[in-house]
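Q: The amino acid sequence is not available; the structure is as follows:
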């Protein structure tokens, strides 16, 4: 009996991320989650949902963008309605619902970016900068990252992925184990 009570308590204490279904991430030039911008280069980040459990009718997310990268006007599929901005939180509705079953992933939005700085290898200051999908702060409601499913508009939580601007490669022979572990903050 004690084991059942302990198991029930542990189950209630698990973070919501363990129950989240699917992911949302920013990709560049194909299936890459890293990018090396040149000074004053315009490039596009494609926000995709992957492995969502249903056809999506809406999503909410925010993009943490590193210094030296400026976002432009967000583009969404035809028939969609968008509220907000990438840095303060986006709410996007879709009609018809986005079908994720055919390929396992679906394009949610395209965000043009302008690089006002360059990678450290080219004389700039950008090095291992994170561009991360995070929950939208909806005070007084709890933060939310996810979408709604068609036809009943049930909410589904999703996990945000991290892309890297100007990733730094570390040769194992030349660096300490601590330096290598610091890549995975």
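A: Looks like it arrived, so ask away. All values derive from a computational prediction rather than experimental measurement.
Q: Can you mark which positions in the helix or strand encompassing residue 90 are buried?
A: Assessed by DSSP states H and E, residue 90 sits inside strand 89-98. Neighbour-count burial for strand 89-98, counted by 16 or more other CB atoms under 10 Å, picks out 89-90, 92-94, 97-98. In short, each C-beta sits where N, CA and C put it, glycine included.
Q: Pull the contacting residues for the residue most central in space within the chain.
A: Among the residues of the chain, the one closest to the centroid is residue 133, at 2.8 Å (CA atoms, centre = their mean). Applying CB atoms under 8 Å, 6 or more residues apart in numbering, we find residue 133 in contact with 24-26, 47, 61-64, 145, 160-162.
Q: Looking at the residues you listed, which are in helices?
A: Assignment to helices by DSSP state H places none of the contacts of residue 133 there.
Q: And those, which of them are buried?
A: Buried subset of the contacts of residue 133 (neighbour count, 16+ other CB under 10 Å): 24-26, 47, 61-63, 145, 160-161.
Q: closest to residue 109 among these?
A: Of all the buried ones among the contacts of residue 133, residue 47 has the smallest distance to residue 109: 4.6 Å, by CB to CB.
Q: hang on, the earlier thing: any chance of the buried ones among the contacts of residue 133 in TSV, with distance to residue 54 and pLDDT too?
A: Below are the buried ones among the contacts of residue 133 laid out as TSV (distance: CB to CB, whole Å; pLDDT from 0 to 100):
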residue	distance to residue 54	pLDDT
24	14	97
25	18	96
26	22	97
47	18	97
61	17	97
62	22	97
63	23	97
145	16	96
160	18	97
161	19	96
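Q: Quick one: the helices in the chain, in order.
A: 2-13, 177-181.
Q: what's the average pLDDT for the last one?
A: What that stands for is helix 177-181. Helix 177-181 carries an average pLDDT of 71.
Q: roughly how far is it from the heart of the chain?
A: Relative to the chain's own centre, helix 177-181 is displaced by 25 Å; criterion: CA atoms, centre = their mean, to the nearest Å.
Q: Below-threshold pLDDT in this protein: ranges please.
A: Under the criterion pLDDT under 70, the flagged ranges of the chain are 1-20, 170-175, 180, 183-185.
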